[in-house]
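**Student:** For reference, the sequence and a predicted model appear below.
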Amino acid sequence: MTVTVKTLAKAAGVSRGTVDRVLHNRGSVKKELALKIKTLAKELGYVPNRAGRALSGIRDRFKIGVLLPSVGNIFFEGVIEGIEKACSEYEELGVDVIYKKVQGYEEKTHLDAIDELKQMGCSALCLATIDTELVAQKINECELLGIKVILLNSDVKNCKRVCYVGSDYQKAGKTCAGLLSLISKFDKLNILVVTGSSLMHGHRKRIEGFIEELKNLNVDFEICGQIESNDSDIQAQIQTSKYLNEHKEVNCVYVTGAGVQGVGASIIATGRDDIIGIAFDDIYTTVEMVRAGIYKFVICQQPDRQGYHAIKRAYQVLSGTVAESVFTDFYTDTIIKIASNIGK
């Protein structure tokens, strides 16, 4: 027999309205009664007909566009995994997801990708994009057209987004600085920064938080140089190798984007074992380098949760199940991985 709200109401001796409020956490119901109803629901095997309730009010499917700079960047495989999980859960509620995958951080490429998603009829966009004035303007144009924008993985300043879903990059940078101060035995840290792109808000924040915390901790340090790899392992290796060969004083390399494997290869090529490598994310190309001691630690950001919650929030705002005014930014956990726990 199918257990319905009516069945639960009869079993609990209450109205269907009371059962509905308890199951959906709406309204005021005494704690003891709420517990009784939830216990009955579990014992009787009640399964909410989520699709039936939602589809009864759906005339059109919710088309959500996703922009990811994922070509050549395996980090985003984790984000896509989370998106696909959300798709499997929300497909029955009318959600369709369209991907636009690009390579790198060229402004025109990102602007064109957003336009393409708009032209495909997307009602909401989940964008992992660059932080420029033109991109912010494009997002504001979307808002004027009624297209809701969730910023995914990296934020954009001065734009009318619904919310941001991703890492707290400032906190992550500070965490790196704190750990570095604990493990360094150098009188002075001479640091090379290898970033993906200065156009990525998150990459900049990792650097800002790192420098800010080193100063707060009174660490004697100097940022000797900063290079951009465009999140390419090849570019990262070429540029890092050149810099390390020309600047023997460097004793720490801080990688704030992708290109971790390329930088690691450059450190290995120096033949030195005193260079402290710091990076982000436990993708498979990084795991062995952490275990080998090339990178002393990495900071991880739960990419799957980012992808999942971006789609979830896009659905919630489109379906009206959560008011847009209620949304706040969603930060994933800042997780420290070392040789002892990485890949586990």
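**Tutor:** Here it is on my side, so go on.
**Student:** the strands in the stretch 1-150 of the chain, which residues?
**Tutor:** Along the stretch 1-150 of the chain, counting by DSSP state E, counting those that start in this stretch, strands occupy 62-68, 95-101, 124-127, 148-152.
**Student:** Among these, show me which one is buried the most.
**Tutor:** strand 124-127 (a mean of 29; mean count of other C-beta atoms under 10 Å). (Each C-beta comes from the backbone N, C-alpha and C, glycine too.)
**Student:** Strand partners (parallel or antiparallel) of it?
**Tutor:** Strand 124-127 has its sheet partners listed here by DSSP bridges as strand 62-68 (parallel), strand 148-152 (parallel).
**Student:** So which of those strands is nearest residue 40?
**Tutor:** strand 62-68 (33.1 Å; C-beta to C-beta).
**Student:** Run the chain-centre distance for that closest one.
**Tutor:** Between the centre of strand 62-68 and the centre of its chain there are 15 Å (C-alpha atoms, centre = their mean, to the nearest Å).
**Student:** could I get the strands paired with strand 124-127 as CSV with distance to residue 187?
**Tutor:** Formatted as CSV, the strands paired with strand 124-127 follow (distance: least, C-beta to C-beta, whole Å):
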stretch, distance to residue 187
strand 62-68, 43
strand 148-152, 41
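**Student:** how does this structure divide into domains?
**Tutor:** Here the domain assignment for the chain is 5-48, 62-167+303-333, 169-300, based on automatic domain parsing.
**Student:** Any regions of the stretch 51-200 of the chain where pLDDT drops low?
**Tutor:** 51-60 (pLDDT under 70).
**Student:** how about the helices in it?
**Tutor:** 76-90, 107-119, 133-144, 169-183 (DSSP state H, counting those that start in this stretch).
**Student:** So which bits of the third one are buried?
**Tutor:** By that I understand helix 133-144. For helix 133-144, the neighbour count (16 or more other C-beta atoms under 10 Å) marks 135, 136, 138, 139, 142 as buried.
**Student:** Ramachandran coordinates for residue 281?
**Tutor:** Backbone torsions of residue 281, given as degrees, to the nearest 10, read phi 80, psi 140.
**Student:** May I ask you to confirm that it is in contact with residue 304?
**Tutor:** No - look at residue 281 against residue 304 with C-beta atoms under 8 Å: they stay out of range, at 11.8 Å.
**Student:** That'll do, ta.
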